[in-house]
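Enquirer: coordinates only, sequence not included:
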């Protein structure tokens with residue numbers, strides 16, 4: 001038998017670099033599990049076209065690939081300069097004008113997109129422009145004008161982002177534009193919808209309500225990139241299906257020194273609450289222009305894998321970089337290397353107690369058996385993917401083959417660490433017959449060998465969501481038959 005396949009999933013952003021013929025097929029072949037459509041760039045029609053291309057490429061390559069629609073959110077930006085850019089010097093006065101009729105930017109001032117900014121700042125606050133490369137100290141607020149002193153030399157150009165050090169800006173997470181784009185995401189059949197700059201559970205609940213009203217059953221992804229989100233982390237994670245450690249704006253607001261510890265905290269919190277977690281932003285940034293990553297980037301990706309993240313994400317590296325395919329190949333290679341160092345000794349003492357759902361209890365029992373008696377794989381028959389998600393929260397040596405007849409469920413499971421979704425129609429089969437058929441399918445495709453043992457989970461009532469209540473220990477017999485060793 002071959003070694004286990006890569007367990008950590010790869011999320012890659014699409015863009016101009018992935019549009020040429022053949023590139024998308026090559027990316028999926030290289031190991032992309034989910035693609036990201038960044039709605040902050042391009043018009044909706046271009047993202048719909050990319051989604052169509054993804055579905056066609058996935059069918060050609062023969063893989064399950066999810067689509068994540070990433071909403072722009074209330075990104076605060078400065079407006080445009082008369083000359084496109086200015087060179088600011090430390091000690092200069094530079095004003096921000098929160099007005100729809102602000103003049104074109106100059107060495108003295110520039111407009112800002114968030115008209116409520118004067119109400120959210122006070123003298124002494126530090127404003128961070130262009131991901132923190134340029135810093136301003138607020139000296140006074142005069143109506144719509146914020147008077148600042150430049151703290152460091154730097155070039156400032158059109159439409160750069162603005163953050164407040166320490167957070168505290170009062171914009172809601174969902175703009176009117178976001179609400180329109182949720183309908184676009186529903187139309188293109190997105191499997192995940194990411195909410196940018198969410199502050200609390202209410203933001204996630206509103207996004208879920210709008211998505212469902214638009215006919216979308218997408219999993220909701222909370223992007224943790226505000227200081228306020230850290231304060232409300234537990235409730236945000238609880239209200240989400242997936243959590244993203246969005247390290248760009250988060251690092252700007254809370255400071256680089258705090259970021260590593262917070263990344264680990266967000267991953268731990270997500271796993272503890274049975275949520276899928278993505279680590280994102282600048283993971284292989286040098287590969288925008290270089291065919292190989294730096295050693296620091298290799299360590300960054302590897303540490304996220306060792307921390308237990310479900311997925312790692314490529315942004316500009318795949319969307320606009322010179323080497324999108326090499327970036328995916330490098331990411332896959334690093335994940336595999338890190339997984340060989342991963343400690344699979346699951347701490348069942350830290351597992352949740354007093355479980356109210358049978359499928360969660362079966363998942364815990366399956367992972368306990370997997371750790372203590374040794375099995376080749378866990379096979380989960382699932383309708384929605386819920387059982388596979390519970391199973392994947394317990395890190396083990398055993399791959400989880402998740403059999404489902406629902407394409408949407410399989411694509412959502414493509415983001416779960418250790419989970420490998422497989423198309424399987426169990427309608428009309430008794431539970432035991434489904435187990436035999438699933439084991440035979442894995443044997444025929446080379447994933448199981450004679451005498452290897454597997455754990456099989458299913459429900460007595462087939463084709464019913466949340467009905468997993470049965471666990472079987474099976475051994476592969478001659479010709480891929482399944483011999484029962486025990487049942488719970």
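Expert: On my side now, so go ahead. Remember, predicted model here, so these are calculated numbers, not experimental data. Numbers count the residues shown, from 1 in each chain.
Enquirer: distance between stretch 13-24 and the chain's centre?
Expert: 20 Å (C-alpha atoms, centre = their mean, to the nearest Å).
Enquirer: need the residues that contact that stretch.
Expert: By C-beta atoms under 8 Å, 6 or more residues apart in numbering, the residues outside stretch 13-24 that reach it are 12, 27, 35-38, 41-42, 50, 53-54, 57, 313-316, 318-322, 324-325. Backbone N, C-alpha and C define where each C-beta goes, glycine included.
Enquirer: list the buried residues for that stretch?
Expert: Using 16 or more other C-beta atoms under 10 Å as the burial criterion, the residues of stretch 13-24 that qualify are 13-15, 17-18, 23-24.
Enquirer: where do the helices of the stretch 301-450 of the chain begin and end?
Expert: In the stretch 301-450 of the chain, the helices defined using DSSP state H, counting those that start in this stretch lie at 316-319, 324-339, 358-373, 386-393, 407-413, 431-444.
Enquirer: and the shortest one, what does it pack against?
Expert: Think helix 316-319. Helix 316-319 sits against strand 9-13, helix 324-339, with contacts defined as 3 or more C-beta pairs under 8 Å, 6 or more residues apart in numbering; DSSP states H and E.
Enquirer: what mean pLDDT does that helix have?
Expert: Averaging pLDDT along helix 316-319 gives 97.
Enquirer: point out where this structure drops to low pLDDT.
Expert: Low-confidence segments of the chain, defined by pLDDT under 70, span residues 1-4, 342-356, 460-467, 484-488.
Enquirer: name the residue closest to the centre of it, please.
Expert: residue 278 (3.7 Å; C-alpha atoms, centre = their mean).
Enquirer: residues making contact with the host helix or strand of that residue?
Expert: Residue 278 belongs to strand 276-280 when assigned by DSSP states H and E. Strand 276-280 has contacts (C-beta under 8 Å, 6+ apart) with 11, 219, 221, 241-247, 263, 266-267, 270-271, 304, 307-313, 315, 389, 392, 415-417.
Enquirer: can you check stretch 221-235 too?
Expert: With contact meaning C-beta under 8 Å, 6+ apart, stretch 221-235 is reached by 68, 70, 73, 166-168, 192-201, 203-204, 236-237, 239-250, 253-254, 262, 265-266, 269, 273, 278.
Enquirer: just give the number of residues close to the nearest residue to residue 248 once chain neighbours are set aside.
Expert: Ranked by C-beta to C-beta, 6 or more residues apart in numbering and with sequence neighbours excluded, the top spatial neighbour of residue 248 is residue 281, at 4.3 Å. Using other C-beta atoms under 10 Å, residue 281 is surrounded by 20 other residues.
Enquirer: please apply the same query to residue 268.
Expert: Residue 268 - counted by other C-beta under 10 Å - has 13 other residues nearby.
Enquirer: what about it, which SS state?
Expert: helix (DSSP: H, G, I helix; E, B strand; the rest coil).
Enquirer: who touches it in this structure?
Expert: 307-308.
Enquirer: could you dump the buried residues of stretch 13-24 to TSV with distance to residue 383?
Expert: Formatted as TSV, the buried residues of stretch 13-24 follow (distance: C-beta to C-beta, whole Å):
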residue	distance to residue 383
13	30
14	29
15	34
17	37
18	32
23	34
24	30
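Enquirer: I'd like those residues as JSON lines, with secondary structure appended.
Expert: Formatted as JSON lines, the buried residues of stretch 13-24 follow (three-state DSSP):
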{"residue": "13", "secondary structure": "strand"}
{"residue": "14", "secondary structure": "coil"}
{"residue": "15", "secondary structure": "coil"}
{"residue": "17", "secondary structure": "helix"}
{"residue": "18", "secondary structure": "helix"}
{"residue": "23", "secondary structure": "helix"}
{"residue": "24", "secondary structure": "helix"}
